[in-house]
Structure formats: C-alpha cells, structure tokens
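S.K.: Provided below are the primary sequence and the corresponding predicted coordinates.
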Amino acid sequence: MAEKKGLLLGRYEVGRLLGHGNFAKVYHAKNPTTKEEFAIKVLDKEKIFKSGLVGHVKREIAILRRVRHPNIVKLFEVMATKSKIYFVMEFARGGELFNKVAKGRLQEDVARKYFQQLISAVAFCHARGVFHRDIKPENLLLDENGDLKVSDFGLSTVADQIRHDGRSHTFCGTPAYLAPEVLAQKGYDAAKADIWSCGIVLFLLMAGYLPFQDRSLIILYRKIFKGDFRCPKWFSSGLISLLRRMLVTVPERRITIPEIMGKKWFKKDFRQIKFYPEDDEFHSSDDIDSPKAIDDESHSSSSSEPSIPSTIKTSASSPSLLGSQKYGLGMRRPPSLNAFDIISFSPGFDLSGLFEEKEEETRFMTAASVSQIVSKLEEVASLVSFTVRTKDCRVSLEGTKEGEKGPLRVAAEIFEITPSLVVVELKKNAGDKMEYEDFCRKVLKPGLQDLIYNPSASEENISSDSK
C-alpha cells in the first residue's frame, strides 16, 4: 500500500496538527526533497481582519526577522493566499518546556541550563529593542538536542512603539507570570517585566510549582502585588539570592540582565555562544497568489474556515541571463522584498534611494550588481583594516579594535526590489554604538556614496537616450 502523503503547500508537505489557538493552527511539515522538518503556523486572514489584529501580525513578522538567535525559534518564510497567512518556522522536536515541568521539578543543573539559554535569548532581544511580554514555559520549546527555543512573539513590542514616557501601556501576558507593575496598568518598563517573568519560570523549573498561585484571580493578583514567596528547602543559597533580586515588586530595584549574568549561580558551566546572525536565512515569498499578503483586502468573507490548499500556484520564473550577469556566476540571487520585508523596515521608508540612517541601522538603494556592492564593501573595510566575511548576499565587516563591548561588527545584507534595483541594509551586530555611528559617518557613507541610486540621474539618462 502506498504511503499516504500530506497536503502540499508550495514545496512543503503538511502533516499532523501540532497545536492551535484562537487565530492560528500549527502543523508539522517537511520538504519531501530535502527531508527537512518545519512547523507551519496558519493564520486565518478573515479572523485577523475582523479582530483588528493586522498590526500584531505585521509586528510579529518584523520582530522574528530582527531576532535571529540560536535560542529563538527561526522564521524561514512567510506565504499567503487570499484567505490564509503561513509562517514557515523551525520545528522544535522536543515540544514545550512546560511538558517537562508537568512531570515534576527539574534538577538544578538542568534548570540552570534552560535558564541560561532563556536569559541569553532575552538579553539578545532587549539589545535589539524587542520585548517578549509573554514569557512562560508554554512559549519555551526544546529542539532535538534539548536546547531551549523561545517562541510566540505575538504579544511582543519594540522600542520604537513605546510611548514617549518610555513605558508600555498594554495589559498583556499570562496572569501567573505578570509583573506587579503590569497589573497596576499605569505604564511599565517592558524589559523589567520580562525579567520578572523569567524569575517566575526559574522558580517553577526548580520547585515544580509557581511562587504565586490561587484559583481566584483577585487573590492571585494580591499575592503578586505583595511579592511575598517562600523558597523550598532544596533551593541553594545562590538560587534564592538570585530569585529574591528578580522577583522584586519595585521594578527600579529589580536586578538587570547584565547583573543576572554576573551572578555566580548563573555563571556555572555557562557557555557564551558566539554566532553571526547574518548567517541565517530568511525568505518572504512574493511568488504566491497574494503578494501583498496581510494587506490584501480581498480576503475570504466565508464564515467557514477554509482548509489548507492542496497546492499553491507559483509564478516564479527561472533565473534569466540578465540575472547571471547582474549577480555574477556562482553568486546566489538576493532574496526578494515584498510587503512583509518593507513593513519590517521603518515606517515611511523612502524608496527614492536616499541614504537613510537610523540607530544602529543604515540602508540605501542601488542599481549596482551584488559583486560590485561586495567589492565596494571590501574596499571600504580595507581602509580601516576590517576583516571581511562573505556568504552569498551577506557581508560581515569586523574590526580589530577591542572596545568596551568588544570589536565592532557590521552586517550587510542585499535584497532585491526589482531586477534592476536592490536595497543594501547594514546593521551593527556587535560593538559600541558611538563607534558604529562614527564608522558610518566617516567611512561607510563616503565610501558607498557612488553606489547610491539617484532617480533624477536615471531620468536624465533616459531622456538623453531618447533624443
């Protein structure tokens, strides 16, 4: 008897249901050719529009593209039809960390390893202006090696969306893990609220139960506001000391992430991971039925939930001769930009090609080929004795000067907008912010000026050619 195959979604074979919520279902999937496994999150477009959650979905995509870390679930691709949106994500074979805790408390060394990986991921997010706001064991997954993966950034926020008072004002999260200042609904520091939630998770891993719990929400909230909890007798003194600094009801007195990482209890057997986020791949598919995806207002109005389509028609053409000439033989074509990627850039992104600078981020448009861009970046790097690493359409420039935060490292990534235009995005991946700004002003901008696309010059060339 022939093996029953799952439904096809582009190049993915969709299988069993892994879980579901109010607006999404998650399925196991694999690539039949490469045998790679994935998790596909399927969102109902109609429900999203009716619930006014379009902004939340856009933000989640933008955030997942920003936070590429070994302990954060990767988003590989975003696709859409007229009725559905699909997130193709990393498959965490080990399931939820919650399932481990449900069987009983963990040994200290095991709990410490998970906590170290959680703090490492949260520190990475905070450094990039991303705040999770729903940290709990159900949102912490485990891969086949038993390593932790933070997931579900649906309630997350970013620094540029926080009000002028520097505080978040959205009441969100899971009751038992909420910080007292979130419950107060008077504005809160999202980073401090994440630290409180991490403290609750750590207590749960070690105790097997929550520090604050009650069947009545009102009584539970009173306990959280009071912040009075007891540690079991098997907790070590170092662990108790750390928890009492994390679960402080006054956020200004709460321990910071650098202080957590400096604690003796935390540092035991801790291995700092050195990695290059630009090595990861992200694709947003624009060769599907609805290239505008979320912004497509022609979503299905049917009240019944459409099933996963057996196929999705694609219109991607094979690489042309123009492509091989533009990108160079043996060089991969840059990933295309569609609505999702442009959304993940700053609002009001100016497509006139002007050199745009933001905090720790720079981008510009150019008509140059990938090989020309890479050569120019190598030339700029040589002026300041930076080392260069190149992989496909990504370039990493790394300095040798050891600053307070280590050597400066700048990642450049090239995206295609049209066959003749690309966007070059540069980000500070490591090092001092002031050093990066100085490097951009004195070296990067002058060195790349010749590459920047000038629409008026192009129009002049067209006019002169037509004469």
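M.R.: Sure thing, it's come through. Residues are numbered from 1 along each chain as shown.

S.K.: check contacts around the nearest residue to residue 144 once chain neighbours are set aside.
M.R.: Counting by CB to CB, 6 or more residues apart in numbering, residue 93 is the residue found nearest to residue 144 once chain neighbours are left out, at 4.3 Å. Quick note: C-beta positions are derived from backbone N, CA and C, even for glycine. By CB atoms under 8 Å, 6 or more residues apart in numbering, the residues touching residue 93 are 37, 142-144.

S.K.: Now, of those, which are buried?
M.R.: Among the contacts of residue 93, the ones that count as buried by 16 or more other CB atoms under 10 Å are 37, 142-143.

S.K.: Which of the contacts of residue 93 fall within helices?
M.R.: Judged by DSSP state H, helices contain none of those.

S.K.: which of those residues lies closest to residue 409?
M.R.: Nearest to residue 409, judged by CB to CB, of those is residue 143 at 25.9 Å.

S.K.: What is the three-state secondary structure of the residue nearest to the closest one when sequence neighbours are not counted?
M.R.: The spatial neighbour of residue 143 that comes closest, neighbours along the chain excluded (CB to CB, 6+ apart), is residue 92 at 5.2 Å. The assignment at residue 92 comes out as coil when based on DSSP: H, G, I helix; E, B strand; the rest coil.

S.K.: now do residue 210
M.R.: With three-state DSSP as the criterion, residue 210 reads coil.

S.K.: For it, which residues are in contact?
M.R.: Shown in contact with residue 210 (CB under 8 Å, 6+ apart): 176, 200, 203-204.

S.K.: all helices of the stretch 1-150 of the chain, in order?
M.R.: 45-50, 54-66, 97-102, 108-127 (DSSP state H, counting those that start in this stretch).

S.K.: list the buried ones in the first one?
M.R.: Of all the residues in helix 45-50, those buried under the rule 16+ other CB under 10 Å are 45-46, 48.

S.K.: Would you format these as JSON lines with distance to residue 432 and pLDDT included?
M.R.: Compiled in JSON lines, the buried residues of helix 45-50 are given as follows (distance: CB to CB, whole Å; pLDDT from 0 to 100):
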{"residue": "45", "distance to residue 432": "43", "pLDDT": "89"}
{"residue": "46", "distance to residue 432": "47", "pLDDT": "88"}
{"residue": "48", "distance to residue 432": "40", "pLDDT": "87"}
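
S.K.: From the residues you listed, pick the one nearest residue 19.
M.R.: Nearest to residue 19 among those, with distances taken as CB to CB, is residue 48, at 18.0 Å.

S.K.: Let me know whether the closest one touches residue 22 as I believe.
M.R.: No: contact criterion CB atoms under 8 Å: residue 48 and residue 22 do not qualify, at 10.5 Å.

S.K.: domain ranges for the chain?
M.R.: The record's domain parsing of the chain by automatic domain parsing lists 7-92, 95-267, 321-461.

S.K.: Can you pull out the low-pLDDT segments for this protein?
M.R.: 1-6, 160-167, 169, 171, 273-360, 392, 402-405, 417-420, 454-467 (pLDDT under 70).

S.K.: For residue 181, see how far away the residue nearest the centre of the chain is.
M.R.: Geometric centre of the chain, nearest residue: residue 64, 2.3 Å, by CA atoms, centre = their mean. Going from residue 64 to residue 181 by CB to CB, to the nearest Å gives 27 Å.

S.K.: coming back round to it: residues touching the residue nearest to the centre of the chain, list them.
M.R.: Contacts of residue 64 (CB under 8 Å, 6+ apart): 73-75, 87, 153.

S.K.: Those residues: which two are farthest apart?
M.R.: 74 and 153 (11.9 Å).

S.K.: Neighbour count for those two, which is higher?
M.R.: Comparing residue 74 with residue 153 by other CB atoms under 10 Å, the one with more neighbours is residue 153, at 26 against 18.

S.K.: Quick one: the helices in the stretch 351-467 of the chain, in order.
M.R.: 370-383, 433-439, 445-448, 455-466.

S.K.: If you count neighbours, what's buried in the longest one?
M.R.: Going by neighbour count (16+ other CB under 10 Å), the buried part of helix 370-383 is 370, 373-374, 376-377, 380-381.

S.K.: Pick out whichever of the residues you listed sits closest to residue 113.
M.R.: residue 381 (37.4 Å).

S.K.: From what I see, that closest one and residue 388 are in contact.
M.R.: Yes: Residue 381 is within contact range of residue 388, at 4.9 Å (criterion: CB under 8 Å).

S.K.: where do the contact lists of those two overlap?
M.R.: residue 397.

S.K.: Among the buried ones among the contacts of residue 93, which lie within strands?
M.R.: Among the buried ones among the contacts of residue 93, the subset assigned to strands under DSSP state E consists of 37, 142.

S.K.: Including distance to residue 267, could the buried ones among the contacts of residue 93 go into JSON lines?
M.R.: Shown next, in JSON lines, are those (distance: CB to CB, whole Å):
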{"residue": "37", "distance to residue 267": "34"}
{"residue": "142", "distance to residue 267": "23"}
{"residue": "143", "distance to residue 267": "24"}
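
S.K.: Kindly indicate which of the buried ones among the contacts of residue 93 lies nearest residue 265.
M.R.: Ranked by distance to residue 265 (CB to CB), the buried ones among the contacts of residue 93 are led by residue 142 at 22.1 Å.

S.K.: what's the nearest residue to that closest one if we skip its chain neighbours?
M.R.: Distances taken as CB to CB, 6+ apart place residue 94 nearest to residue 142, at 2.9 Å, with adjacent residues excluded.

S.K.: Could you count how many residues lie near that neighbour?
M.R.: 16.

S.K.: isn't it right next to residue 148, touching?
M.R.: No: here residue 94 does not reach residue 148: they are 9.0 Å apart, not a contact under CB under 8 Å.

S.K.: which residues are in contact with both of those two?
M.R.: 141-142.

S.K.: Am I right that residue 156 is in contact with residue 131?
M.R.: Yes: if you go by CB under 8 Å, residue 156 and residue 131 touch, sitting 6.2 Å apart.

S.K.: Format the CA atom coordinates belonging to stretch 142-155 as PDB.
M.R.: Only the C-alpha atoms of stretch 142-155 are listed here, as PDB (Å, rounded to 0.1, in the frame of the first residue of the first chain):
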ATOM      1  CA  LEU A 142      13.100  22.300  23.100                       C
ATOM      2  CA  ASP A 143      14.900  21.100  20.000                       C
ATOM      3  CA  GLU A 144      16.200  17.600  19.300                       C
ATOM      4  CA  ASN A 145      19.300  18.400  21.300                       C
ATOM      5  CA  GLY A 146      17.400  19.600  24.300                       C
ATOM      6  CA  ASP A 147      18.300  23.200  23.700                       C
ATOM      7  CA  LEU A 148      15.700  25.900  24.500                       C
ATOM      8  CA  LYS A 149      14.000  27.900  21.800                       C
ATOM      9  CA  VAL A 150      11.900  31.000  22.700                       C
ATOM     10  CA  SER A 151       8.700  31.200  20.600                       C
ATOM     11  CA  ASP A 152       5.400  33.100  20.200                       C
ATOM     12  CA  PHE A 153       6.300  36.800  19.800                       C
ATOM     13  CA  GLY A 154       2.600  37.600  19.200                       C
ATOM     14  CA  LEU A 155       2.400  39.900  22.300                       C
END
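
S.K.: If anything else comes up later, I'll come back, but that's it for now.
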